[in-house]
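Okay, structure incoming, though there's no sequence with it:
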DNA sequence: TATTGTTATACTCTATAACTATA
DNA sequence: TATAGTTATAGAGTATAACAATA
C-alpha cells in the first residue's frame, strides 16, 4: 500500500496527467485495479477470482437459476461462464441439475461450496476493511451509493 | 406498490445480487466495463485503445519523459509499455530520442501523433458526452470529484 | 427459428523472467 | 549492484463463431 523511500532520498517522480484529468474512465479504472488486486490477494488461499466469487453469491441468492440468467445478471458471456462453472463443479462447490426446460441447467450450491463461500466471505470482509481504510468510510459509502443504481 | 406484470417470458429476467450488493468493487468494475466499451467503440476508427490514449496524453503533457516515468504515472508495467510504444512509434506518432542518461529514452509526440491525438480528443469528447448522458452530469461530476485525489 | 449450453480460436491485458546496456 | 529498456512466455478476461440439443 505504501512504497519505500529510495535510499538516496530522491522521490520517484510522478508526471502530470494532462487532459486525462477530465476522463472519469481513467480514475474508475485505476480504482478498479487497486480493488481487484487487493481482493485477489486476500482470496488467493481460496483460489477464487472476483468473477467466480460473484457467481457463487448470485447462485446462493437465486438457487436453481439457469446459466443464461446468471450470465445476464453479471454481464458474463455464456461461453466464459460455461468454463467458469465447469471449474466450480470440478471442485464440487456447485451442481448442475436438469431443469424443466430441457435446454437449461438449474444451478445450486452444494455442501462444500457453501462452506467455501462462508470462508470466502470472511476473507472478502477483510478486503472490504482494506478498502474502507484506503478510501475512508464516508467516501466509500458515497461511491457505493452513487454506483448502486445503474442497472 | 403496483408493479407491472411483464408479458409472458418476453422480459429477460435479472436476478438479485445477494451479498454482492455490499461490494464496491463489483459496481466499480461494471461501470469501468461500460465506460471502456463505449470509449473503444468511439475511438475504433483511430485504432486507439484506452491505454494508448492515456500514454499519448501523458507524453503530450510531459514531453521528453522517460518510459519509466510514464509507466510509474499510469501504472503500466515497463514490458507492456515497451510494446505499446513500439506500436505508436511504428505509426510515426511518437519518437524515442537518446537522453542524457544513456539508459533512458526521451519520448516526444511528433507531427502525425499530435494530429492523431487532436482527432482522438474530439472522439473522446463524444464518448464523455455519452457518459454524461448515462450517469447524469451531477453524478458524473460527483464521481470524478470522489475519485480524483487517490494518488 | 430461436435459445441454451459447449467447445474452440484469437486478441488484449497482466505478471514474470531473462537478458543487454548503462549508471 | 541497481535501473532502463527489450523480448519472451503464460495466465486471465473478452469476443466470436460453430455446433448439438431442445423449445
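It's in. Here the structure is a predicted model, which is why all the values come from computation and not from measurement.

quick one, helices of chain A?
A:24-42, A:50-61, A:67-74, A:78-90, A:111-135, A:137-147 (DSSP state H).

I'd like those as CSV, with mean neighbour count, mean pLDDT and distance to DNA strand C appended.
Where C-beta positions appear, they are placed from N, C-alpha and C, glycine not excepted. Formatted as CSV, the helices of chain A follow (neighbours: other C-beta atoms under 10 Å in any protein chain shown; pLDDT from 0 to 100; distance: least, C-beta to the nearest atom of the strand, whole Å):
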stretch, mean neighbour count, mean pLDDT, distance to DNA strand C
helix A:24-42, 19, 97, 6
helix A:50-61, 21, 97, 12
helix A:67-74, 19, 96, 3
helix A:78-90, 14, 96, 3
helix A:111-135, 16, 97, 15
helix A:137-147, 15, 96, 20
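
mind putting those in JSON lines, distance to residue B:142 included?
Output for those, formatted as JSON lines (distance: least, C-beta to C-beta, whole Å):
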{"stretch": "helix A:24-42", "distance to residue B:142": "10"}
{"stretch": "helix A:50-61", "distance to residue B:142": "25"}
{"stretch": "helix A:67-74", "distance to residue B:142": "26"}
{"stretch": "helix A:78-90", "distance to residue B:142": "33"}
{"stretch": "helix A:111-135", "distance to residue B:142": "14"}
{"stretch": "helix A:137-147", "distance to residue B:142": "6"}
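
Quick check: which of the ones you listed is nearest to chain B?
For chain B, the closest of those is helix A:50-61, at 2.8 Å, according to C-beta to the nearest C-beta.

coming back round to it: closest to residue B:113 out of the helices of chain A?
helix A:24-42 (19.4 Å; C-beta to C-beta).

now that closest one and helix B:24-42, what's the angle there?
Compare the direction of helix A:24-42 with that of helix B:24-42 by axes from the mean of the first three to the mean of the last three C-alpha atoms, to 10 degrees and you get 140 degrees.

Is any residue of helix A:24-42 near chain B?
Yes. Using C-beta under 8 Å from any C-beta of the partner chain, helix A:24-42 reaches chain B at A:24-36, A:39.

helices and strands around that helix, which ones?
helix A:50-61, helix A:111-135, helix B:24-42, helix B:50-61, helix B:111-135, helix B:137-148 (3 or more C-beta pairs under 8 Å, 6 or more residues apart in numbering or on different chains; DSSP states H and E).

just so I know, which of these lies nearest residue B:13?
Nearest of the helices and strands packed on helix A:24-42 (C-beta to C-beta): helix A:50-61, 12.1 Å.

Show me what that closest one is packed against.
Against helix A:50-61 (3+ C-beta pairs under 8 Å, 6+ apart) you get helix A:24-42, helix A:67-74, helix A:78-90, strand A:105-109, helix A:111-135, helix B:24-42.

For DNA strand D, give me its nearest residue in chain A.
Distances between chain A and DNA strand D by C-beta to the nearest atom of the strand are smallest at residue A:102, namely 2.5 Å.

Hmm, residue A:43 and residue A:53 touching each other?
Yes. Contact status for residue A:53 versus residue A:43: in contact at 6.8 Å, counting by C-beta atoms under 8 Å.

list residues touching both of the two?
Jointly contacting residue A:53 and residue A:43 under the rule C-beta atoms under 8 Å, 6 or more residues apart in numbering or on different chains are A:120, A:124.

I'd say residue A:89 and residue A:97 touch.
No. The criterion here is C-beta under 8 Å, and residue A:89 misses it with residue A:97 at 11.3 Å.

And the residue nearest the centre of chain A?
residue A:50 (3.0 Å; C-alpha atoms, centre = their mean).

That one: what's it in contact with?
A:36, A:39-40, B:25-26, B:29.

so who does the closest residue in space to residue A:150 that isn't next to it in sequence touch?
Spatially, and ignoring its direct neighbours in sequence, residue A:150 is nearest to residue B:31 (6.6 Å; C-beta to C-beta, 6 or more residues apart in numbering or on different chains). Counting by C-beta under 8 Å, 6+ apart, residue B:31 makes contact with A:28, A:147, A:150.

nearest to residue B:63, of those?
Closest to residue B:63, out of all of the contacts of residue B:31 and judged by C-beta to C-beta, is residue A:28, at 27.3 Å.
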